[in-house]
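Colleague: how would this look folded up:
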Amino acid sequence: MSIPQTGGGLIENHSQLAEYLAKGCKPKDQWRIGTEHEKFGYCQDSLLPLPYDGERSIRAVLEGLQRLYDWQPVNEDGKIIGLTKHGASVSLEPGGALELSGAPLETIHQTCDEVNTHLAEVKSVADGIGVKFIGLGAAPEWTHEQMPLMPKGRYKLMNDYMTKVGTMGTAMMRRTCTVQVNLDFSSEADMVQKMRVALALQPVATALFANSPFFEGQPNGHKSWRARIWRSLDADRTGMLPFVFEDGFGFERWAEWVLDVPMYFVYRDGEYVDALGMSFRDFLKGELPALPGEKPTLSDWADHLTTVFPEARVKQFIEMRGADGGPWRRLCALPAFWVGLMYDQTALDAAWDLCKGWTVEQREALRVGASVDGLAAQVDDINMHDVAREVVAISEAGLVARSRPGAGGLVPDETHFLSALKETLESGQTPADELLAHYHGDWGEDLTRIYAEYSY
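Modeller: Below is the predicted model of the structure:
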């Protein structure tokens, strides 16, 4: 989850909303890669999720990272809730999952080094206090009550609102984890093409990375229960956004949509002011009930942009949001997958050619099918496994064309980061399929085996 945004003066006219987004445009040589990933922490002896306080806790992990690895603390109301260092941050998800929001980096080699360093640091701290972390899309056994809400004002407000809309908002907050990648655009037209490809092909990422077949101790009938939860969260701020594929889509149309998403909060003087369900349009007119007479700043707009949760979203970059959290080696595969598609024009054009004929109904059906059946999904004549093969091949060609060497030039490009996905395509088995095979096979339906065999 995002931290409060800073910078930016009073919004004096409506055009500033789209202009704020347009400021994200960068020349290609300035494009960067930001990788984010979440993982669940638990006590090694009890197999229960971590509380915020105590000897074995989220606070203890954060303080250990601060002490041993020179991370700088982020505090709220006197409690440590995150860390920052060298453009990266470590933050808490509502139910205590730990998230790395990586620094903007130039290559997958660099972002994978960052991931590896972070997980090694977390493991060294966790091992010393009897804590483990595991990468899954949804909590395998833990109930809502077993996962305490972290002490962040934003989460308290969101939790209250989530009980009034949809049916699975609080489950998303406490019991799901994702991995995502943030990528740049050069112009409004580039953003439009990338957003259309990102949304249309997000179900392919969901299928390839499906890794949440268990919930509350048993199989749930889905390969990605995380994706299932997101479908019943809050229709006002989630989904596949058909308007993105309509003529005239651009920064202004995105801003108009976000304006119509009900607010959560306004951040003032270190406190979250309750603006649940209120209108940013009213805020622009100085008529927000929570702050009567006050008008918003660009920081308020930036905060509001972080409260929309579609399968891909625009800020001053594009976030790809469709993948389950997963095993260590797959965390580098997601940025490789999307960078290959997005950062080479020939690959981007090929990806759009592949999906541009799909209808609104087919895109939504693919979203559902990826959640339920993973690579086995079938929508009309669209076979998910076949499409995934084509998309990964396009991504690989894009990475070859990028030609970004690593390991001091010994590795010619970034294509080897796709190896985990190519293995999945060859076997037809997603991580969820592998977990289910263990559960019904050598685990003898003992789900506690997942911790020892799949923790970091």
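Colleague: any idea how far the lengthiest strand in the chain is from the chain center?
Modeller: In the chain, taking DSSP state E as the definition, the longest strand is strand 33-43. Distance of strand 33-43 from its chain centroid, counting by Cα atoms, centre = their mean, to the nearest Å, is 10 Å.
Colleague: show me the strands in the stretch 1-150 of the chain, by range?
Modeller: 33-43, 72-76, 79-85, 88-92, 98-101, 131-134 (DSSP state E, counting those that start in this stretch).
Colleague: got any ranges where the stretch 151-300 of the chain has weak pLDDT?
Modeller: Of all residues in the stretch 151-300 of the chain, none has pLDDT under 70.
Colleague: please work out which of the strands of the stretch 1-150 of the chain is packed deepest.
Modeller: Across the strands of the stretch 1-150 of the chain, the average number of neighbours (mean count of other Cβ atoms under 10 Å) peaks for strand 33-43, which reaches a mean of 24. Where you see a C-beta, it was placed from the backbone N, CA and C, and this is true even at glycine.
Colleague: in the helix or strand harbouring residue 349, which residues are buried?
Modeller: For residue 349, the element it lies in under DSSP states H and E is helix 345-355. By neighbour count on 16 or more other Cβ atoms under 10 Å, the buried set for helix 345-355 is 347-348, 350-352, 354-355.
Colleague: Throw the residues you listed into a markdown table and include pLDDT, thanks.
Modeller: Formatted as a markdown table, these follow (pLDDT from 0 to 100):
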| residue | pLDDT |
| --- | --- |
| 347 | 98 |
| 348 | 99 |
| 350 | 99 |
| 351 | 99 |
| 352 | 98 |
| 354 | 98 |
| 355 | 98 |
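Colleague: of these, which is the nearest to residue 204?
Modeller: Checking the buried residues of helix 345-355 against residue 204 with Cβ to Cβ, the nearest one is residue 355 at 8.9 Å.
Colleague: host element of the residue lying closest to the closest one once chain neighbours are set aside?
Modeller: The shortest distance from residue 355 to any non-neighbouring residue, by Cβ to Cβ, 6 or more residues apart in numbering, is to residue 200 (4.0 Å). Using DSSP H and E, residue 200 sits within helix 188-208.
Colleague: give the buried residues for that helix.
Modeller: Going by 16+ other Cβ under 10 Å, helix 188-208 has these buried residues: 188, 190-208.
Colleague: ok, now which ones touch residue 352?
Modeller: 193, 196-197 (Cβ atoms under 8 Å, 6 or more residues apart in numbering).
Colleague: rounded mean pLDDT for stretch 109-128, please.
Modeller: Stretch 109-128 shows a mean pLDDT of 97.
Colleague: buried residues in it?
Modeller: For stretch 109-128, by 16+ other Cβ under 10 Å, it's 109-112, 114-115, 118-119, 121-123, 125-126.
Colleague: give the bridge partners for the nearest residue to residue 102 once chain neighbours are set aside, please.
Modeller: Counting by Cβ to Cβ, 6+ apart, residue 102 lies nearest to residue 35, which is 4.5 Å off, once chain neighbours are set aside. Counting by DSSP bridges, residue 35 is bridged to residue 181.
Colleague: ok, residue 35 - contacts?
Modeller: 100, 102, 111, 114-115, 179-182, 331-332, 334-335.
Colleague: and what of residue 20?
Modeller: By Cβ under 8 Å, 6+ apart, the neighbours of residue 20 are 8, 298, 301-302, 316.
Colleague: now with 10 Å?
Modeller: 8, 11, 251, 255, 298, 301-302, 305, 315-316 (Cβ atoms under 10 Å, 6 or more residues apart in numbering).
Colleague: ok, back up a step: okay, the residue nearest to residue 102: pLDDT?
Modeller: Looking at residue 35, its pLDDT is 96.
Colleague: hmm, back to that, then the helix holding residue 349 to CSV, C-alphas only?
Modeller: In CSV, the C-alpha atoms belonging to helix 345-355 read as follows (Å, rounded to 0.1, in the frame of the first residue of the first chain):
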residue,chain,number,x,y,z
GLN,A,345,8.1,-0.9,-29.6
THR,A,346,8.0,-4.0,-31.9
ALA,A,347,7.1,-6.2,-29.0
LEU,A,348,4.5,-3.7,-27.7
ASP,A,349,2.9,-3.6,-31.2
ALA,A,350,2.9,-7.4,-31.5
ALA,A,351,1.3,-7.7,-28.0
TRP,A,352,-1.5,-5.2,-29.0
ASP,A,353,-2.0,-7.0,-32.3
LEU,A,354,-2.6,-10.2,-30.3
CYS,A,355,-5.3,-8.8,-28.1
